[in-house]
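[1] sequence-free structure coming up:
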């Protein structure tokens, strides 16, 4: 019998209760379910192994309450990447399962599509891929100047060259309103996947100058020689950062039913 050589993917959803703009966000209700439950269920449509990683007992209890898997992590992590790295180690110790690739799923995107997760998973058919993430091509006329929506430029193989909060490149011979008509701009969608050993390595890196300048940790990885493969999705990310975003998400849910 031929052995199964497919890598084992684990989806890990980092979730914090504390948030300056929206405390308790993971437990906010959208319809009859919490945000974290909606994220968990969407992830489970693509991944057989899904965990929430949290440092808060309230979130822990909520996840176990709807039948989800959850792991308690340190409260001292500076980023979601650090939290999922610890979670991966704890999950392997608890289950005895070796995780080959970790998918980092944002805990504030309750409408993430399984097709988006599948796109990132497909990147790892290339054995040389260490890290993968999602991007979306901006439509002509679309706003690319929102600093809260990072942009990315690519090389010819689809690997990221640099992430920035400003539109890159600068289109010299055109008005700003025409940039998206003159050049293909890509917006970054915050879904990542990493080979487990790569994830452990990048969490040991010190903050870099480009990371500090842009407040984008993925630039730290690029500065240290790691490659980030991108996959293009046609779907926009619907993240929830504020109570106002939550109200829009409720309207989106009602319209999609």
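    Thanks, I have the structure now. Note that the structure is predicted; figures quoted are calculated from it, not measured. Numbering: from 1, shown residues only.

[2] can I assume residue 42 is in contact with residue 110?
    Yes: the pair residue 42 / residue 110 is scored as a contact, 7.1 Å apart, by CB atoms under 8 Å. The C-beta positions use only the backbone N, C-alpha and C, and glycine is treated the same way.

[3] So which of the two has more stuff around it?
    In this view residue 42 and residue 110 are compared by other CB atoms under 10 Å, and residue 110 has more residues nearby, 27 against 22.

[4] Would you verify that that one is located in a helix?
    No: membership of residue 110 in a helix is not supported by DSSP: H, G, I helix; E, B strand; the rest coil, which gives coil.

[5] Show the backbone phi and psi for it.
    When read as degrees, to the nearest 10, the backbone of residue 110 gives phi -70, psi -10.

[6] What sits closest to residue 188 if chain neighbours are left out?
    Nearest residue to residue 188 in three dimensions, chain neighbours excluded: residue 150, at 4.3 Å (CB to CB, 6 or more residues apart in numbering).

[7] roughly how far apart are the one you found and residue 6?
    32 Å (CB to CB, to the nearest Å).

[8] ok, now residue 34?
    For residue 34, the distance to residue 6 - CB to CB - is 32 Å.

[9] More neighbours: those two, which one.
    residue 34 (22 against 7).

[10] Make sure the more buried one is actually in contact with residue 24.
    No: counting by CB under 8 Å, residue 34 does not reach residue 24; the two are 9.9 Å apart.

[11] Tell me the gap between stretch 119-130 and the middle of its chain.
    Stretch 119-130 sits 15 Å away from the centroid of its parent chain (CA atoms, centre = their mean, to the nearest Å).

[12] show me the contacts for residue 194.
    101, 102, 104, 130, 131, 132, 202 (CB atoms under 8 Å, 6 or more residues apart in numbering).

[13] Okay, strands next: where are they in the stretch 101-250 of the chain?
    Taking DSSP state E, counting those that start in this stretch as the criterion, the stretch 101-250 of the chain contains strands spanning 101-104, 131-137, 151-154, 160-164, 186-195, 228-232.

[14] what's the first one in contact with?
    Counting by CB under 8 Å, 6+ apart, strand 101-104 makes contact with 7-12, 14, 43, 47, 80-81, 84-85, 88, 117, 120-121, 124, 191-196, 199, all of which sit outside it.

[15] low-confidence ranges in this protein?
    Counting by pLDDT under 70, the chain has low-confidence residues at 1-4, 20, 254-257.

[16] Does residue 245 touch residue 239 like I think?
    Yes: here residue 245 reaches residue 239: they are 7.1 Å apart, a contact under CB under 8 Å.

[17] any residues in contact with both of those two?
    Common neighbours of residue 245 and residue 239 (CB under 8 Å, 6+ apart) do not exist.

[18] Residue 45 versus the residue nearest to residue 231 when sequence neighbours are not counted, what's the distance?
    Spatial nearest neighbour of residue 231, excluding adjacent residues (CB to CB, 6+ apart): residue 119 at 4.1 Å. According to CB to CB, residue 119 and residue 45 sit 14 Å apart.
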